[in-house]
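**Q** Test case, fold it:
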Amino acid sequence: MNRASTSRNSTVAEGIVVAVLLAVYAAASYSAAQTNAATWDEPLYIAAGTSYWRTNDYRLNPETGNWPQRIAGAWPACMAALPVDDPAQAEGYKQWRRANPIRFGKVFCYEWNDADAVLARSRAALLVVAVGLGATIYVWSRRLWGRWGGLLSLALFVTSPAMLAHATIAQSDMCVTLFSLLSLGATWRMLRRPTIVGVIVAGVVLAGAFLSKHSALLLLPTFVLLLALRTWHAWHKRAVGEPSCRTRRTLHTLGFGIGLLLLQGAVGIGVIWASYGFRYSAFPPQTSDGKFQADWDWALERRDTVTGTVELCREYRLLPEAFLYGTAFMHQRNTYRPGFLCDTYYESGTAWYLPYCWLLKTPPGQAAIVGLAALLFVHFAVRRPWRQTARVLYGTAPLWVFALLFAGVVVVSRFNTGDRYFFPIYAPLMILIGGVARYAVRRGAVTNGMRRALRICLSVAVGSAAVEAALAWPGYLSYVTPVVGGPNEGWHFLCDSSFDWGQDLTRVAPRISELQTDPTKKQNIYLGYFGTASPKYHGIDALALPRGARLEAPETLPPLEPGIYCVSVTELHRMYGTVCGPWTIDRERAYRGLRQIDAALAKASGARRDELLQRYPRVAAGYLQRDLADLEYARLCRYLVGRRPDARAGDTIFLYVLTAQDLRAALDQSL
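**A** All right, here's what the predicted structure looks like:
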């Protein structure tokens with residue numbers, strides 16, 4: 001057999017391996033997602049995306065990306081019911097006009113349509129994006145490091161619990177990761193080998209990143225740094241010749257690069273306009289009552305460079321209204337975002353969240369490969385001439401420049417909501433780590449003994465990560481490394497979308513049945529759920545506790561009586577709401593004081609009652625029961641955190657059987 005035939009056969013075998021890995025990845029992710037309830041963002045994205053296609057109205061959820069919502073709503077838009085103009089559909093009609101994406105999403109998925117069917121179709125569409133991301137990682141890594149480098153990067157992707165968890169979730173994080181990666185590659189190629197097609201492609205994928213998530217803004221300073229690096233490279237590359245000629249050529253590289261970036265930006269702006277139907281207004285011309293969820297004054301309340309730029313673009317209509325409003329809305333909403341890490345609540349997040357969260361969400365095998373890659377890079381930089389190191393750094397510049405810039409902004413901003421916000425860093429790192437495989441197979445790069453040791457270490461680490469991913473099914477979203485106890489202990493370290501995103505609601509009803517000792521006797525069931533899925537749809541007939549996010553708090557709050565209490569981990573940690581964070585002495589005093597006022601009002605009448613109402617304005621305004629219920633629920637959660645649950649629905653919803661004595665301990669006794 002000749003060399004050409006052998007090469008062709010090995011290429012075919014490699015293609016089969018890649019296809020099998022991506023197919024296994026898709027099957028594992030989709031099958032796991034089908035066992036889960038809708039996560040927090042999914043009803044919002046699907047309803048908004050469907051309305052974009054069907055009504056050409058962009059009032060719903062403009063802050064979370066046009067393209068991901070269109071992808072999520074593309075299939076449902078072909079067959080789902082969307083009677084937004086029918087006043088007979090009272091709740092949906094009202095929430096549509098209020099532009100409330102959360103409440104409208106619930107109506108759309110759970111009242112107007114079959115939620116399971118809608119979720120299945122949307123998740124299948126988003127899975128295509130995730131598979132495309134895996135293929136992009138493989139192709140880029142293969143071009144840099146060869147066949148084995150590409151396969152190693154792909155193996156890291158398909159065995160990552162985070163990538164498996166979010167592949168089928170209808171939200172924007174996988175989309176912005178894919179388009180950011182494509183934009184980095186297309187822009188770098190455009191700067192090095194400019195063509196008309198290259199400029200158009202770079203503009204389209206840049207627009208895709210901006211239309212996926214506003215964190216794509218970090219691509220702009222990355223491009224500036226890449227152009228500076230390209231100019232520096234041109235200066236040193238032209239070392240031969242007269243200084244004046246060298247300077248002229250370097251300035252030509254800089255000026256030409258600026259022109260290319262401006263052309264790319266123009267193409268991107270055109271694609272953004274096309275995505276909104278080349279219309280400035282977010283609302284169709286025939287709409288007379290169009291409004292966003294919050295007004296423009298609130299969105300522009302924070303005075304800084306971002307809001308100033310938005311106001312300028314709004315005044316001259318440089319970009320569509322919905323796009324500008326979404327940018328301002330996200331900027332304003334992210335002014336205050338709390339964080340939770342390792343049993344500690346942070347009012348404004350912590351700079352350690354990114355490294356800690358990465359370690360907690362990464363299988364030990366993958367963490368070992370990352371450590372090995374870091375050691376090999378140091379070895380390469382120390383043992384090889386500087387020019388070789390500089391050549392490698394220059395060839396991989398888009399990856400490490402963007403990763404370092406993004407990581408720096410995340411650390412400084414202390415944005416601690418979830419590991420999904422770091423995905424744009426993960427993809428470049430997976431490509432860079434593929435270089436380890438080059439050491440393991442290339443002769444002369446290291447000694448033969450070290451090469452054999454590398455092969456053994458990589459085989460063991462990749463195999464370990466694959467086993468870990470298989471054992472984690474279907475709980476990819478709540479995966480936590482076994483080094484700290486795995487998902488069973490994960491609630492001590494993480495919450496929100498890093499661990500608890502409402503996915504386990506499907507598992508609550510069977511656990512309640514197991515805890516009901518006498519099915520013929522009615523037992524009180526209380527639910528404190530962090531999510532947007534419908535408890536009734538999943539067979540849960542429960543009294544709603546005051547919710548931390550105040551999305552579905554009942555009009556009449558139920559008294560806390562003996563029964564089964566089902567509480568999400570994020571609610572237990574009091575991440576959000578009017579009473580969030582740890583239980584403090586000041587809150588204990590406020591709680592005791594409100595209880596005394598409540599008892600006094602129950603006994604008082606006439607002038608005494610009027611005197612009490614005048615002394616406490618919030619009581620007079622009717623907020624007493626609401627404030628007291630919030631504090632009672634927060635105190636109950638503080639009690640439950642220290643108590644072992646009687647059952648668990650998945651990894652994220654704890655069930656407690658509380659007696660009258662337990663409630664007295666939770667609400668009356670000292671904590």
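
**Q** Leaving out chain neighbours, which residue sits closest to Val462?
**A** Ala155 (5.1 Å; Cβ to Cβ, 6 or more residues apart in numbering). Any C-beta I mention is one placed from the backbone N, CA and C, and that applies to glycine too.

**Q** right, and the one you found touches Ala461 too?
**A** No. Using Cβ atoms under 8 Å, Ala155 is not in contact with Ala461, being 9.5 Å away.

**Q** re earlier: can you list contacts of the helix or strand harbouring the residue nearest to Val462?
**A** Here Ala155, judged by DSSP states H and E, is contained in helix 147-158. If you take Cβ atoms under 8 Å, 6 or more residues apart in numbering as the criterion, helix 147-158 is touched by 10, 14, 17-18, 21-22, 24-25, 133-134, 137-143, 145, 163-164, 366, 369, 427, 430-431, 433-438, 440-441, 458, 462, 465-466, 469.

**Q** chain center to it, what's the gap?
**A** 23 Å (Cα atoms, centre = their mean, to the nearest Å).

**Q** I'd like the mean pLDDT over the very next helix or strand once past it, please.
**A** Later in the chain than helix 147-158, the nearest helix or strand by DSSP H and E is helix 161-166. Per-residue pLDDT values over helix 161-166 give a mean of 97.

**Q** One more: stretch 45-55?
**A** 95.

**Q** Please tell me the pLDDT value assigned to Arg249.
**A** 78.

**Q** buried ones in the helix or strand hosting it?
**A** Secondary structure assignment for Arg249, by DSSP H and E: helix 243-275. Of all the residues in helix 243-275, those buried under the rule 16 or more other Cβ atoms under 10 Å are 246, 250, 253-254, 257, 260-261, 263-265, 267-269, 271-273, 275.

**Q** now the closest residue to Ala74 other than its chain neighbours: how far from Trp67?
**A** Counting by Cβ to Cβ, 6+ apart, Ala74 lies nearest to Ala125, which is 5.8 Å off, once chain neighbours are set aside. In this view, Ala125 and Trp67 are 11 Å apart by Cβ to Cβ, to the nearest Å.

**Q** give the contact list for the closest residue to Leu227 other than its chain neighbours.
**A** Once flanking residues are discounted, Leu227 sits nearest to Gly257: 4.5 Å by Cβ to Cβ, 6+ apart. Neighbour list for Gly257: 191, 227, 230-231 [criterion: Cβ under 8 Å, 6+ apart].

**Q** One more: Leu560?
**A** With Cβ under 8 Å, 6+ apart, Leu560 has these contacts: 526, 632, 636, 663, 667.

**Q** Those in strands, which ones?
**A** Of the contacts of Leu560, the ones assigned to strands by DSSP state E are Tyr526.

**Q** any idea which of the contacts of Leu560 is the one closest to Gly490?
**A** Leu636 (22.1 Å; Cβ to Cβ).

**Q** Run a quick neighbour tally on the closest one.
**A** 24 (other Cβ atoms under 10 Å).

**Q** any idea how far it lies from Arg302?
**A** 35 Å.

**Q** With Asn36 instead?
**A** 35 Å.

**Q** do the same with Asp646
**A** Distance from Asp646 to Arg302, by Cβ to Cβ: 45 Å.

**Q** Without its sequence neighbours, what residue ends up closest to Ala509?
**A** That would be Gly539: by Cβ to Cβ, 6+ apart, it lies 4.2 Å from Ala509.

**Q** Now the phi/psi pair for the one you found, please.
**A** In terms of degrees, to the nearest 10, the main-chain angles of Gly539 are phi 80, psi 30.

**Q** I figured it hits Thr506, correct?
**A** No. Between Gly539 and Thr506 there is no contact under Cβ under 8 Å: 9.1 Å.

**Q** Counting neighbours, go ahead and name the busier of the two.
**A** Between Gly539 and Thr506, Thr506 has the larger neighbour count (other Cβ under 10 Å), namely 20 against 13.
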